[in-house]
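1. Whatever this is, show me its structure:
(chains A, B and C)
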Amino acid sequence: MTSTTATLAGHDGHAAEAHHTSLPIENRKLAIWVFIASECMFFATLISTFLIYRGQSLKGPLPADIFEVPLVTAGTAVLLFSSFFVVMALNGAQEGNRRKLITWLSLTVFCGVFFAGMQVYEFSHFYHEGLGYSTNLFSASFYTLTGFHGAHVTMGTLWLATLLKDAIKGDLPAGKALNLEIAALYWHFVDVVWIIIFPVVYLMSLRS
Amino acid sequence: MRLSTATWWRPGLVRVLVLPLLLLALAACAGESYPQSTLTPKGDFADLVDALFRTTVFWAVIIFVLVEGALLFAIFRFRGRADDPEPEQIHGNTLVEIIWTVIPAAVLAFVAVPTVRTIFDTARIPETGPDGQAALKVEVIGHQWWWEFRYPELGIVTANEMHVPVGRTVDLRMKTVDVLHSFWIPQFAGKRDVFPNRETRLWFSAREVGAFPGACAEFCGIQHGRMDFYVMVDEPAAFDGWVATRQADSAAAAMRPAAAPVPADSLAPDAAPVAAVDPLVAEGKQLFMTKACAGCHALGSAGAATTMIGPNLGGIGTRKMIAAGWLENTDENLAHWIQNPQAVKEGVLMNVPPITDAEATALVAYLRTRQ
Amino acid sequence: MATTVLDPAHAGTRSRSVLVEWLTTVDHKKIGIMYGASAFVFFLIGGLEALLIRAQLAGPNKDLISPEFYNQLFTMHGTTMIFLAVMPLSAMFFNFFIPLQIGARDVAFPRLNAMSLWVFLLGGIFLNASFIWGAPNGGWFGYAPLSGRQYSPGVNMDFWVIGLQILGIASLAAGVNFFTTILNMRARGMTLMRMPMFTWSTLVTQVLVLLSFPVITVALIYLMVDRVFGTGFFVPAAGGDPMLWQHLFWVFGHPEVYILILPAFGIISEILPVFSRKPLFGYSAMVFSMAFIAFLGFGVWSHHMFSTGMGPLADSFFSLATMLIAIPTGVKIFNWIGTIWGGSIQLRTPMYFALGFIAMFIMGGLSGVMHSVAPADLQQTDSYFVVAHFHYVLFGGSIFAITAGAYYWWPKMFGRMLDEGIGKAHFWLMLTGFNLTFFPMHFAGLLGMPRRIYTYPGGLGFDTYNLLATVGAFVLAVSILVFMWNVVRTWRRPADAPADPWGGATLEWAIPSPPQEWNFTEEPVVSGKDELWTLKRAAGVRTLPEPARSDGRGIHLPGPSWWPLIVAIGILLFMVGFMLPRPWAFPFGPVGLVGFVITLVGIFKWAYEPPDAHATPH
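-> The predicted structure follows:
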């Protein structure tokens, strides 16, 4: 739910007026940074729980039985690339280069869709392998952590898709590049969280 | 009513507030001894805690008097009128501020050092108690809403009344079969929570013989308010007698047709030896089997302990209290409790089929034989 | 963003009803008033719960109310007072006064601000509606496994676990908003170290909200999925650990304590200088001590768990860390006394409550230090001693300060002065009732009375103290009635409060009472701390001439919007969906899905709301 707050803060255009700000940072950008700080605690709690409950499950399936690391590695790579793509898109937006903006932003959105799709596939695969949400502590903490990350990716993708629609309609000129910049900040954050989740959840679990 | 602003209240302040509070404080400190009080410790663990508490109170009272005094002095001394000239505009004083940062820190050291020492002192269970013997191990098991006590070295189990010998260190190992509870024996130690998935420890040794109440201190559901228990501190000989009685009280013994002879050193001298063929007792025993009592309550104290929904009834006939430290163990109360557990403790897990007065009398007669 | 260009030509024409105006408002002052009004109603409900509790405990073995209802009452009393009374009463002041104190025309995100209000209000109503079906009964701390499905099978704890998540959304949104507002919307010249102390306390409070609420949100999510989807996060039979709940709860819970008290510190630091006519003593020390308290607040959570037996090392660490907090707290108290020392103390009603706050908070602080002594805490925790302690901090602290703030800022908010005589009667009744209620609880606790028991046996020495506490609680109730009488009485009088009735030091006193919708006709420029005092001193006057009301020509203000309310309704439905039946295997039932769609559509519409969609000519 917390991602809602970001979106609301992000789109609240009052501050978009040329307004005196005390710090050399625009209101919405400051807000998204603040929101990201709060989200750090959110994901820190989820990740800690996953680690605390490592090896505490009373029955299987366990991570080593079930993880498909190659697939997730591909997803990770796609998400990493998307962070680069969104930087290019923002660059295009700031230059007022609509073609560049649309190209790179489309790629970013595509990456988001791909990652979310990868996760849907992974979850349904696990489910058919007998790993339901309430099967054991591993499944509960794994699905909750990666599920919330997935929800963040989905929200971010929706957000970026909305901006893509704006861009296509010509509603995202250089003067409004900030709209994309805050979405990109959020996107980078979601990406960084995954960079932590991937080794902590997938790679470390294989060892045990 | 229009209250004038200036002075109407001043004598009132002393009258309405300060005096009653002082009286209260005096009443509390006057040494009135209540059986559940933390202020009158009756054991070594509680003594350590109490000494620390008194150190803390000592410093707290000094600081309280000084700071509240400074506040009141300032209020009365610097009371101004609306048309007074502007007072001197002081924005701060670094030296003063450093002083009143350092002094509290120093005072805290006087509290912190004994605190840490006591934390470690209370964490270590003494090898031998004041009586020179090794500690008595007791397993404490919390249930909604009663306490089970097992003595693994003695092979006995009881509920809601934990017997210990005076002067012996008691080594408590605690857990719960359901939700969290907290085992609180104010006169002997403090609280320790009980968990379903890990054992917690507490220890104490009692200095005085007597019956000392304790309570559950962690909210545990509808009857948290009535989850009391007693620590029965006995002279060593009496304790040994109690143990012997309990060890003889196996479930098999309870089921033998006629009453076994009451041990000579029975804890309840007023309980008359039961006639070998009291028909009322025999009927009560029959009812105990047919009225679902036996489904939840174990009868004997001896033998392997099994976890049951209701408390073990070994020695119920001579216990001080029933319903987890709540009702005096009289015949009337026992009959009332057996017939209407939900009226005495709403929501309690004891659900009984209808029991007539005559049946209750028989059950009570039977339970009275359980010593 | 919808923008209204104020057009004096249309002044006085009202094309929208008053109801619609308030439902769609994004004006921080109206939002603040709505926070205050709804929080006060919740405060009365929580107080009523307390009176029922006290009536039941007036004597031993009473059966005025059933144990089940008693457990609901104390759970809801705690939950209500913390989340629905003290926090939103502080939010009332944040909303109304932060923009005024920093010289801004509104908060950074006015519509987000409105959404916070509506989410809070709907969440509060939702929580209290539970009394129809069975209110939460597992304590405000919801310890597992009692709060899990096995031991709390009814809807009671569903209301609690969902209600708190809803309220958390409101707090987090407000946290982002006010943090941004304070850092970024300050008037020119108002550096951080020139900010009023109330603004500082608000800023630090938002940091605590932002960093602690996510933790409880996750814990509540775990508990909710345990209850709804059968996971085992806190189910011992599945390997779950009840200690994890305690850690997560108190990692949030202790900062929460400071979320409740820091705004009170801020209010007191505003009032004392004004009514001593002398600046705050040691401003920087006050700022740093507050920041230090907040920082340490994240490192002491386990002092709520000494009785769990964490081992001597952990006990020592959390004991010492907790004691450390006494140092910056002491600095604050000494600096407050230093502020009035040598001043010209004007004993008006706000000052009464402010001084009462200091006196009571000292006691709460000292008993707090006693709890940091881990072995002694083994006797005190979960006894009435703790109940006494935190009421000295939360009532003697927070509520006294909030009441002080209410008397202090009432003229600014409503343009009317509250009556001084009734105000002082209110103070003495409240001080008496408060001490009569809570002081005896120290002794009841020391005599071995546990918390959260619906009755107690006679003969343990509890009787007298409990009777006194019950009498005191009713005296407290009378004091609240006196306050309400004061408000009603004042309401019948003309709105004639001057802009600066107390000789204020901060910017809110430079503008008319009540402020016009745009707050400042000209955006102020600040040259130092206590800006208004500087101006008055330069002019050689005690009070500046009454500021003229302007027509606001050419001032751009955000226009009203329905979307915050709609999004709030969507969030409510989405969350409530988790406790309703799901006709299919998918985790979201029909109500949840409807709520999700409303939320999503609402956010979309909100983001694309045309600049003058609802522009109302004034």
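2. I'd like the distance from the residue positioned nearest the centre of chain B to chain C, if you could.
-> Taking C-alpha atoms, centre = their mean, the centroid of chain B lies closest to residue B:214, which sits 1.3 Å from it. Using C-beta to the nearest C-beta, to the nearest Å, residue B:214 is found at 8 Å from chain C. Just so you know, the C-beta spots here come from the backbone N, C-alpha and C atoms, and that holds for glycine as well.
3. shouldn't that residue be in contact with residue B:184?
-> Yes - assessed by C-beta atoms under 8 Å, residue B:214 is found in contact with residue B:184 at 5.5 Å.
4. how about low-confidence regions in chain A?
-> The model of chain A has pLDDT under 70 over residues A:1-19, A:207-208.
5. cool, and chain C?
-> Scanning chain C with the threshold set as pLDDT under 70 gives C:1-16, C:610-618.
6. how about the strands in it?
-> Per DSSP state E, chain C carries strands over the ranges C:3-5, C:556-558.
7. Packing partners of the last one?
-> The reference is to strand C:556-558. Packing partners of strand C:556-558 (3 or more C-beta pairs under 8 Å, 6 or more residues apart in numbering or on different chains; DSSP states H and E): strand C:3-5.
8. buried residues in stretch B:153-166?
-> By 16 or more other C-beta atoms under 10 Å in any protein chain shown, the buried positions in stretch B:153-166 come out as B:154-166.
9. Format those residues as CSV; extra columns: distance to chain A and secondary structure.
-> Formatted as CSV, the buried residues of stretch B:153-166 follow (distance: C-beta to the nearest C-beta, whole Å; DSSP: H, G, I helix; E, B strand; the rest coil):
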residue, distance to chain A, secondary structure
B:154, 34, coil
B:155, 31, coil
B:156, 33, strand
B:157, 28, strand
B:158, 32, strand
B:159, 30, strand
B:160, 33, coil
B:161, 36, strand
B:162, 33, strand
B:163, 37, strand
B:164, 36, strand
B:165, 41, strand
B:166, 43, coil
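10. Closest to chain C out of these?
-> Set against chain C, the nearest of the buried residues of stretch B:153-166 by C-beta to the nearest C-beta is residue B:160 (14.3 Å).
11. leaving aside the residues next to it on the chain, what's closest to the closest one?
-> residue B:229 (4.9 Å; C-beta to C-beta, 6 or more residues apart in numbering or on different chains).
12. Whichever strand or helix holds the one you found packs against which elements?
-> Using DSSP states H and E, the element containing residue B:229 is strand B:228-234. For strand B:228-234, the packing partners by 3+ C-beta pairs under 8 Å, 6+ apart come out as strand B:161-165, strand B:210-216.
13. Could you list the paired strands of that strand along with their orientation?
-> Paired neighbours of strand B:228-234 in the sheet (DSSP bridges): strand B:161-165 (parallel), strand B:210-216 (antiparallel).
14. any idea of the mean pLDDT in the first one?
-> Taken as a whole, strand B:161-165 carries a mean pLDDT of 96.
15. any idea which helix or strand comes after that strand?
-> strand B:169-176.
16. in chain A, which helix has the most residues?
-> helix A:137-169 (DSSP state H).
17. ok so, going back, give me the angle between the helix or strand that the strand holding residue B:229 is followed by and strand B:161-165.
-> The helix or strand immediately downstream of strand B:228-234 is helix B:236-248, counting by DSSP H and E. Counting by axes from the mean of the first three to the mean of the last three C-alpha atoms, to 10 degrees, helix B:236-248 points 130 degrees away from the direction of strand B:161-165.
18. Is stretch C:99-114 in proximity to chain A?
-> Yes - part of stretch C:99-114 sits near chain A under the criterion C-beta under 8 Å from any C-beta of the partner chain, namely C:106, C:108-112.
19. so residue C:395 touches residue C:434, yeah?
-> Yes - with contact defined as C-beta under 8 Å, residue C:395 reaches residue C:434; the gap is 6.0 Å.
20. shared neighbours, the two?
-> residue C:360 (C-beta atoms under 8 Å, 6 or more residues apart in numbering or on different chains).
21. just how off-centre is stretch B:119-136 within its chain?
-> Relative to its parent chain, stretch B:119-136 has a centroid offset of 21 Å by C-alpha atoms, centre = their mean, to the nearest Å.
22. Buried residues in it, which are they?
-> Within stretch B:119-136, the residues scored as buried using 16+ other C-beta under 10 Å are B:119, B:121-123, B:125, B:129, B:135-136.
23. And stretch B:341-359, by the same measure?
-> Neighbour-count burial for stretch B:341-359, with 16+ other C-beta under 10 Å as criterion, is recorded at B:341, B:344-346, B:348-350, B:352, B:355, B:359.
24. Just confirm residue B:146 contacts residue B:311, I think it does.
-> Yes - assessed by C-beta under 8 Å, residue B:146 is found in contact with residue B:311 at 4.8 Å.
25. okay, these two: which has more neighbours?
-> residue B:146 (28 against 25; other C-beta atoms under 10 Å in any protein chain shown).
26. The closest residue in space to that one that isn't next to it in sequence and chain C, how far apart?
-> Closest residue in space to residue B:146, ignoring its immediate chain neighbours: residue B:324 at 4.3 Å, by C-beta to C-beta, 6+ apart. From residue B:324 across to chain C, the span is 12 Å (C-beta to the nearest C-beta).
27. Residue B:63 now?
-> Residue B:63 sits at a distance of 6 Å from chain C (criterion: C-beta to the nearest C-beta).
28. That residue and residue C:365 touch, don't they?
-> No - at 9.2 Å, residue B:63 does not count as touching residue C:365 under the criterion of C-beta under 8 Å.
29. between those two, which one's more packed in?
-> It is residue C:365, of residue B:63 and residue C:365, that has more neighbours when counted by other C-beta under 10 Å, with 25 against 20.
30. excluding its backbone neighbours, what's nearest the more buried one?
-> residue C:329 (5.6 Å).
31. again with residue C:248
-> residue C:219 (3.8 Å).
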